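could you look at this predicted model? Sequence included:
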Amino acid sequence: MDRLDLIAVPVMVQGEKLVRHFKSIDVPVKRYYILDNSMSVDPSVDEAIDLICDSKPDHIEEVVVVSNNQNSGYPGAVNQIIRDNTDCNHWIVTGFDWWVAKGQYQKLLTTAFKDGVFLGVGMDDMCGFVFTPSLIKKVGLLDENFFPGYFEDNDYKRRIKLAGADVVHCPLYATHDRSSTLKSSSRFKQRNSETFSENYVYYVDKWGGKPNYETYESPFNKRLPLNYWSFDPLRREKLRW
């Protein structure tokens, strides 16, 4: 493979970290896609996007920015990225506060993607993740009821396991400033203490146990496909930060 199709990143706060993410890309890429969830509340995000668009290097063919009028949450952002870029053969989605070291993206140019790739390690294994059409067919999109985030990665890994999807590990050496969005606001921290608990309850209800202690082989222990989840707008508003 002579280039990566897509590197995408959702962002809500702290534009300087987005710029660092962008500058870490040192391989040919068809599209760098920014999903702006900031709603212009943090001016640093707007400034960062302007800087990125004005300083695109030749090895990145295009920069695409989509601005939402509401925060879509992390799983919603990932799903939107995939839906908006169906002309790509793979979708690499990372956190804006996860910065790959120089030369590490080169590994992906020689890695067989199969169904997907974990790019992080340990509890950070989905800080960077490669989605493919075959993975979406087997596992589905992320469950957006884990809003605005937390436990969606546990849910997706559970579904990968049950589907028998061929997802490989290709850890990239990277720096992660964990939970940047959460730590950026005392209000976010307070709301997260509430939404984290709600998402935990939803996970246990869906899989019959906490992560690594699940007892159900299908969502909600019913005859449902692994990709099942029902969009709940009332839940989303209740959990909105």
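Good, I have the coordinates. Quantities reported herein were computed from a predicted structural model and do not represent experimental measurements.

tell me how far the residue lying closest to residue 59 once chain neighbours are set aside lies from residue 119.
Closest residue to residue 59 in three dimensions, ignoring its sequence neighbours and counting by CB to CB, 6 or more residues apart in numbering: residue 28, at 4.9 Å. Just so you know, the C-beta spots here come from the backbone N, C-alpha and C atoms, and that holds for glycine as well. Residue 28 sits 18 Å away from residue 119, going by CB to CB, to the nearest Å.

ok, the two, which is more surrounded?
Remark: of residue 28 and residue 119, residue 119 carries more neighbours, 27 against 15, as counted by other CB atoms under 10 Å.

can you tell me which residues contact the more buried one?
Neighbour list for residue 119: 92, 94, 108, 125, 127-130, 170-172, 174 [criterion: CB atoms under 8 Å, 6 or more residues apart in numbering].

filter those to the buried ones?
92, 94, 108, 125, 127-130, 170-172, 174 (16 or more other CB atoms under 10 Å).

out of the residues you listed, who's nearest residue 236?
Checking the buried ones among the contacts of residue 119 against residue 236 by CB to CB gives residue 129 as the nearest, at 22.6 Å.

from what I see, that closest one and residue 113 are in contact.
No: using CB atoms under 8 Å, residue 129 makes no contact with residue 113, being 11.2 Å away.

what about the protein, any weak spots by pLDDT?
Judged against pLDDT under 70, the low-scoring parts of the chain cover residues 180, 182-184.

show me the strands in it, by range?
4-11, 29-36, 60-67, 91-94, 98-100, 116-118, 128-131, 167-169, 174-176 (DSSP state E).

grab the nearest non-local neighbour of residue 228.
Nearest one to residue 228, counting by CB to CB, 6+ apart, is residue 219 at 4.9 Å.

again but with residue 53, I slipped
Residue 53's closest residue in space is residue 63 (CB to CB, 6+ apart), at 5.5 Å.

quick check, nearest of the buried ones among the contacts of residue 119 to residue 195?
Nearest to residue 195 among these, with distances taken as CB to CB, is residue 127, at 19.8 Å.

for the closest residue to residue 49 other than its chain neighbours, list each beta-bridge partner.
Spatial nearest neighbour of residue 49, chain neighbours left out: residue 65 (5.6 Å); criterion: CB to CB, 6+ apart. With DSSP bridges as the criterion, residue 65 is bridged to residue 34.

residue 65 contacts residue 48, correct?
No: judged on CB under 8 Å, residue 65 makes no contact with residue 48 at a distance of 10.4 Å.

and the two? Which one has more around it.
Taking other CB under 10 Å, residue 65 and residue 48 do not tie; residue 48 has more neighbours (25 against 14).

appreciated, that's everything.
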